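Novice: Here is the input, now give the coordinates:
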Amino acid sequence: MPIEIDITERLERIAEATLRVAERDGPAAVTIRAVAAELGGSTAVVTNYLATRSDLLVNAIRYAQRGWREDLDNHVNPYGGAQYLRAYMAWSSGTVGPDRAVRQIWLDVAAKAESRSAAFEVLRQDAVEHHRMLRAAVAEAGVSDTDFAADVLYLLLRGFYFAGTEDPELWTDERVGMAISRLTDLFIGGLGSRPETAGGTPKP
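Specialist: The predicted structure follows:
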């Protein structure tokens, strides 16, 4: 009888091997051959499911995204109001497990993905979802001018992902966390409120 293969589980194992290679040797070392060797097999153990290096990297990103969603929910769900936003920002500015390797892979894919390609679409959807969730957290905190605050905090986090990958010794979690915490508290305290006229009507 043919052996039944759980494709979802196999893709997860490939993603884990991809992240191990990236963590140990850097994203440039991630190839189909290197990941197959990490799995202890021929290239077919990868190419039977993922045909190209781009597919390999996107698979690792999708795997990480699923883990992030679950971890984020666990981290922020106990809170409400301003504490919910603080918890969201603290989680988003941390580096746990393979996070740095995933960010390196993300930058690799972003640099090479062609517009409207599958890889580009994965990154675009992630960006849209990240901003949507952050805006919801800002609204939950009752921050004035929700859109402005969400945009600034989103750009700050995206900048951290790049800077922390470029120079992790300079942009440590502690340094970044302090800056993000202080800015978050400023927004919660009223930074970004729309200016008002003497009569109390918001200026256009």
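
Novice: Please make it C-alpha for all contacts and neighbour counts, starting now.
Specialist: OK.

Novice: Report all helices and strands that the worst-scoring helix or strand of the chain on mean pLDDT contacts.
Specialist: Using mean pLDDT, DSSP states H and E, helix 99-112 stands out as the lowest-scoring helix or strand of the chain, at a mean of 89. With contacts defined as 3 or more C-alpha pairs under 8 Å, 6 or more residues apart in numbering; DSSP states H and E, the packing partners of helix 99-112 are helix 7-25, helix 53-76, helix 118-140, helix 146-166.

Novice: which secondary structure elements does the following helix or strand past the last one contact?
Specialist: Reading on from helix 146-166 to the C-terminus, the next helix or strand found by DSSP states H and E is helix 173-188. Secondary-structure packing of helix 173-188 (3+ C-alpha pairs under 8 Å, 6+ apart): helix 81-92, helix 146-166.

Novice: so what does the shortest one touch, helix or strand wise?
Specialist: This points to helix 81-92. Helices and strands touching helix 81-92, by 3+ C-alpha pairs under 8 Å, 6+ apart, are helix 53-76, helix 118-140, helix 173-188.

Novice: Output these as CSV; include the columns mean neighbour count and mean pLDDT.
Specialist: Output for those, formatted as CSV (neighbours: other C-alpha atoms under 10 Å; pLDDT from 0 to 100):
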stretch, mean neighbour count, mean pLDDT
helix 53-76, 16, 92
helix 118-140, 17, 92
helix 173-188, 16, 95
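
Novice: can I get the ones you listed in a markdown table with distance to residue 150?
Specialist: Output for the helices and strands packed on helix 81-92, formatted as a markdown table (distance: least, C-alpha to C-alpha, whole Å):
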| stretch | distance to residue 150 |
| --- | --- |
| helix 53-76 | 17 |
| helix 118-140 | 5 |
| helix 173-188 | 10 |
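
Novice: Let me know which of the helices and strands packed on helix 173-188 is tucked in deepest.
Specialist: helix 81-92 (a mean of 20; mean count of other C-alpha atoms under 10 Å).
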